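Asker: Turn this into a structure:
(2 chains, ligands or ions: 2)
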Number of protein chains: 2
Amino acid sequence: MEFSSKLLENAVNEMSQLPGIGKRTALRLVLHLLKQSENQTVTLAESLRKMREEVNFCSNCHNISDTKLCEICANPNRNEALVCVVEDIRDVMAIENTSQYKGHYHVLGGKISPMDGVGPGELTIQSLIDKVKNGRVEELIFALSSTMEGDTTNFYIFKQIESFNIKTTTIARGISVGDELEYADEVTLGRSIVHRIPFETSLKN
Amino acid sequence: MEFSSKLLENAVNEMSQLPGIGKRTALRLVLHLLKQSENQTVTLAESLRKMREEVNFCSNCHNISDTKLCEICANPNRNEALVCVVEDIRDVMAIENTSQYKGHYHVLGGKISPMDGVGPGELTIQSLIDKVKNGRVEELIFALSSTMEGDTTNFYIFKQIESFNIKTTTIARGISVGDELEYADEVTLGRSIVHRIPFETSLKN
Ligand SMILES: [Zn+2]
Ligand SMILES: [Zn+2]
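Answerer: Ligands and ions are numbered 1, 2, ... in the order given. Next comes the predicted model:
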């Protein structure tokens, strides 16, 4: 693509760094911004910059939060001994949306994926193990998506905490194997968290 | 969507103002930025803001340009008496890419579309008519996409300049009716601009 403007080219190149946004789509989005008020672009740019620079992660569950402790962790009516292990904030939002769950979460920040250079050290696994070690957890619910990476991550964590004899469960597979949590319908996802099964049982299937 | 962070919610809301970007996609893009360096988001935000605030349009053809007169209009080897009327910069880029055209452009900035509130006054039509009035144009090539809005716009301009007796042509329809110029292959598009036909002839088809 040959651009008549360096300013335009830079904006298109930066936008096309985003996943799933090719050069043509980036150009279409940028030309759209040019047709809108200057204020709209400034507000968009400012919201991205501010979010990235000031983002905070809950010191307990590592979910994105504007406060040191997120609303869920700070809520005394939620059971902190019940911890649901998820990949990211989208899974928290999906499960919260079912209104079926009153425990805490632990947000890993991803799944173990050697192909993408994501090892256990890139995730919040140590902090989860520490929680278990400190005796604060009675039950751990594995709710990662059932892909190879998800299974690997579940199993890695399971091996680390096996000796502490806490209850480990996994959400019932009402949702199809391989499906992402965030796209499941509320009823199915709600039921699968209520009917969770022992993690060992899930290994036998 | 219920967010645990106002910063995140703002960023997602702003991103989802972009055409074709829903809330879920916006969240995915924003979470991607959170996994990248802070610098990447700052650079993206800055490139958008700078582009929008400092964008300049060529004083002659209205194409996006970093200089008062764009490279095409400033090039003495290009024929300024031959003017190709296009919708936006993507069409200029597509035609330039064929290396088949050595005239000038006139970028309208859109098509007449009463449904979208775009009248002749929102486009650079008056400036085009002035060019023709001043006797600087020998031939006008209509290269808008052949949609109802494109045809309406062509016809509106044609009626305004009919009395000046300049040559009006339209690019040959090697490309399928209704197709966007920017997606045409180079060979077909190059041929269609070389084999352009009188505008009146195109009205009869
Ligand atoms: Zn928390
Ligand atoms: Zn120009």
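Asker: model confidence over stretch A:180-190, on average?
Answerer: Stretch A:180-190 shows an average pLDDT of 73 in the prediction.
Asker: which of the residues in that stretch are buried?
Answerer: By neighbour count with 16 or more other CB atoms under 10 Å in any protein chain shown, stretch A:180-190 contains the buried residues A:Leu181, A:Glu182, A:Ala184, A:Thr188, A:Leu189, A:Gly190. Glycine gets a C-beta too; all of them are placed from N, C-alpha and C.
Asker: how close does the residue most central in space within chain A get to B:Asn60?
Answerer: Per CA atoms, centre = their mean, the C-alpha nearest to the average position across chain A is that of A:Asp88, at 0.6 Å. From A:Asp88 across to B:Asn60, the span is 50 Å (CB to CB, to the nearest Å).
Asker: What of A:Gly135?
Answerer: When distance is defined by CB to CB, A:Gly135 is 76 Å away from B:Asn60.
Asker: Strands of chain A, residue ranges please.
Answerer: Read by DSSP state E, chain A holds these strands, from start to end of the chain: A:79-86, A:103-107, A:139-142, A:167-170, A:197-198.
Asker: and the longest one, is it in reach of chain B?
Answerer: No: contact of strand A:79-86 with chain B (CB under 8 Å from any CB of the partner chain) is absent, the minimum separation being 12.5 Å.
Asker: Report all helices and strands that that strand contacts.
Answerer: Identification of packing neighbours for strand A:79-86 by 3 or more CB pairs under 8 Å, 6 or more residues apart in numbering or on different chains; DSSP states H and E yields helix A:89-96, strand A:103-107, helix A:125-133, strand A:139-142.
Asker: That one - which strands sit beside it in the sheet, and in what orientation?
Answerer: According to DSSP bridges, strand A:79-86 forms sheet pairs with strand A:103-107 (parallel), strand A:139-142 (parallel).
Asker: and the angle for it with helix A:89-96?
Answerer: What separates the directions of strand A:79-86 and helix A:89-96 is an angle of 130 degrees, with axes from the mean of the first three to the mean of the last three CA atoms, to 10 degrees.
Asker: contacts for strand A:79-86?
Answerer: Contacts with strand A:79-86, where a contact means CB atoms under 8 Å, 6 or more residues apart in numbering or on different chains, come from A:73, A:92, A:95, A:101-108, A:128, A:131, A:136-144, A:154, A:157, A:181, A:193.
Asker: what angle separates it from helix A:125-133?
Answerer: 150 degrees.
Asker: buried ones in strand A:79-86?
Answerer: Within strand A:79-86, judged by 16+ other CB under 10 Å, the buried ones are A:Glu80, A:Leu82, A:Val83, A:Cys84, A:Val85, A:Val86.
Asker: Identify, from those residues, the entry nearest to chain B.
Answerer: The shortest distance between chain B and any of those, using CB to the nearest CB, involves A:Val86 and amounts to 12.5 Å.
Asker: Around the residue of chain A found nearest ligand 2, count how many other residues there are.
Answerer: When CB to the ion is the measure, chain A has its nearest residue to ligand 2 at A:Ser4, with 8.1 Å between them. Using other CB atoms under 10 Å in any protein chain shown, the number of residues around A:Ser4 comes to 21.
Asker: which residues touch it?
Answerer: Taking CB under 8 Å, 6+ apart as the definition of contact, the neighbours of A:Ser4 are B:Asn63, B:Ile64, B:Ser65, B:Cys70, B:Glu71, B:Ile72, B:Ile89, B:Val92, B:Met93.
Asker: Report the buried members of the residues you listed.
Answerer: Using 16+ other CB under 10 Å, the buried ones in the contacts of A:Ser4 are B:Asn63, B:Ile64, B:Ser65, B:Cys70, B:Ile72, B:Ile89, B:Val92, B:Met93.
Asker: Columns distance to A:Leu27 and pLDDT on top of the residues you listed, output as CSV?
Answerer: Conversion of the buried ones among the contacts of A:Ser4 to CSV gives the following (distance: CB to CB, whole Å; pLDDT from 0 to 100):
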residue, distance to A:Leu27, pLDDT
B:Asn63, 14, 96
B:Ile64, 11, 95
B:Ser65, 16, 94
B:Cys70, 17, 95
B:Ile72, 18, 96
B:Ile89, 8, 93
B:Val92, 12, 92
B:Met93, 8, 91
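Asker: Need these in TSV (columns: distance to A:Ser113).
Answerer: As requested, the buried ones among the contacts of A:Ser4 are arranged in TSV below (distance: CB to CB, whole Å):
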residue	distance to A:Ser113
B:Asn63	45
B:Ile64	41
B:Ser65	44
B:Cys70	47
B:Ile72	48
B:Ile89	40
B:Val92	43
B:Met93	38
